[in-house]
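In: coords please:
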Amino acid sequence: MKKGFVYYLAEFLLRLMLLPLRTAQWLLRNREWLLTAMAMVVVMLVSAAITLRIALHVREVTVPDFTGHTMLEASQSALKTGVGLVIENRFYSTTVPAGRVLSQSPRSDTVVRHGWQVRVTESLGPQQVTIPNVVGETVRDASIDVRKDELDLGTLAHIEAPGDEDLVLAQTPPPNAGVDQPRINLLLSTAPQPASNAIVLPSFSGLTSTGVIRAASELGLIVSAVGDGPVVTSQSPAPGYRVIRGDSIRVTLGGNTPASPTSTTKPTTPTGPISLQVP
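Out: Residues are numbered from 1 along each chain as shown. Here you go, the predicted structure:
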């Protein structure tokens with residue numbers, strides 16, 4: 001009787017179902033050999049891992065600190081440690097002298113392989129520039145000269161002086177000075193105030209509100225008062241400051257009882273430069 005397709009399919013499925021059983025029987029018959037082979041493989045892998053780890057650790061070194069050392073000192077230290085030294089950059093520095101290590105990568109105390117290249121930056125020392133002489137120039141010309149030399153323009157102060165306005169009377173740093181981070185401060189001239197308008201502010205302390213208004217009016221000043229006390233306890237600007245007629249002053253009223261009448265002496269008109277702070 002001829003075997004059909006169904007027969008062969010059934011036979012294939014039966015063999016497929018019996019495959020795990022036959023595999024298990026084969027493993028049981030050869031279990032000692034398999035266990036021996038697996039043990040050998042495990043031993044080989046463990047031995048290789050231990051050998052590789054020992055080899056890597058034997059070849060590891062700790063990067064020393066090269067910062068601040070001369071290049072000769074850094075080279076000798078690198079040679080003793082077993083790392084390489086490569087000068088990657090050179091930069092100006094105001095803190096590290098020229099010829100010394102400014103920075104390094106990797107940083108110190110890093111564990112690396114033997115022969116690892118440590119990149120360092122060498123200091124070129126402070127960058128010195130020459131300050132131009134701008135005394136006697138106008139502020140515009142001085143600004144052009146300062147920025148032309150790639151310098152920074154710092155504080156601009158003014159003082160009364162005869163002659164033209166906005167002339168440079170003095171500068172810091174002085175001309176031809178060598179500095180690391182140049183910033184030039186200028187003292188400029190300004191036209192003197194008319195003598196008839198400049199007065200030295202007297203003390204209004206102790207005056208009543210009516211008295212301070214009267215005294216300020218005689219001096220050509222405007223008064224603004226705060227507080228509800230009977231007498232003046234403080235004022236702004238303070239006594240001794242130079243003000244111009246028409247300026248405003250601020251007084252604070254306080255206290256308990258009015259002070260006895262106080263005569264206010266008119267300040268004399270200053271005849272020369274007055275070294276007082278301007279509020």
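In: for the stretch 151-279 of the chain, what are the low-confidence residue spans?
Out: Low-confidence segments of the stretch 151-279 of the chain, defined by pLDDT under 70: 178-182, 193-196, 256-279.
In: for it, what spans make up the strands?
Out: Secondary structure of the stretch 151-279 of the chain by DSSP state E, counting those that start in this stretch: the strands cover 152-160, 168-172, 178-179, 183-190, 198-200, 222-226, 231-236, 242-244, 248-254.
In: tell me the angle the longest one makes with strand 183-190.
Out: In other words, strand 152-160. 20 degrees (axes from the mean of the first three to the mean of the last three CA atoms, to 10 degrees).
In: below-threshold pLDDT in the stretch 1-150 of the chain: ranges please.
Out: Within the stretch 1-150 of the chain, the segments meeting pLDDT under 70 span 1-4, 7, 54-58.
In: all helices of it, in order?
Out: Defined through DSSP state H, counting those that start in this stretch, the helices belonging to the stretch 1-150 of the chain, from first to last, are 5-29, 31-58, 71-81, 139-148.
In: the strands of the stretch 151-279 of the chain: which one's closest to Gly211?
Out: Closest of those to Gly211 is strand 231-236, at 8.2 Å (criterion: CB to CB). C-beta: built from backbone N, CA, C; applies to glycine.
In: can you name every helix or strand that that closest one contacts?
Out: Contacting strand 231-236 under the criterion 3 or more CB pairs under 8 Å, 6 or more residues apart in numbering; DSSP states H and E are the following elements: strand 248-254.
In: so Gly154 sits against Gln171, correct?
Out: No. Applying CB atoms under 8 Å as the test, Gly154 and Gln171 come out as separate, 9.5 Å apart.
In: so for the two, which sits in the more crowded spot?
Out: Here Gly154 and Gln171 are set side by side on neighbour count (other CB atoms under 10 Å), and the busier one is Gln171, at 21 against 15.
In: Thr67: how many residues sit nearby?
Out: Burial of Thr67 is recorded as 17 neighbouring residues (other CB under 10 Å).
In: on that earlier part again, figure out which of the strands of the stretch 151-279 of the chain is closest to His69.
Out: In terms of CB to CB, the element of the strands of the stretch 151-279 of the chain nearest to His69 is strand 178-179, at 26.2 Å.
In: one step back: need the strands of the stretch 151-279 of the chain in CSV (columns: distance to Trp33).
Out: Formatted as CSV, the strands of the stretch 151-279 of the chain follow (distance: least, CB to CB, whole Å):
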stretch, distance to Trp33
strand 152-160, 86
strand 168-172, 94
strand 178-179, 86
strand 183-190, 87
strand 198-200, 116
strand 222-226, 107
strand 231-236, 105
strand 242-244, 112
strand 248-254, 107
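In: closest to Ser123 out of those strands?
Out: With distances scored as CB to CB, the stretch of the strands of the stretch 151-279 of the chain nearest to Ser123 is strand 178-179 (17.2 Å).
In: that older thread, who wins for proximity to Thr95 among the strands of the stretch 151-279 of the chain?
Out: Shortest separation from Thr95 across the strands of the stretch 151-279 of the chain is recorded for strand 178-179, at 14.8 Å, computed as CB to CB.
In: separation between Lys80 and Gly211?
Out: According to CB to CB, to the nearest Å, Lys80 stands 87 Å off from Gly211.
In: coming back round to it: give me the common contacts of Gly154 and Gln171.
Out: A shared contact of Gly154 and Gln171, defined by CB atoms under 8 Å, 6 or more residues apart in numbering, is any residue touching both; here these are 184-186.
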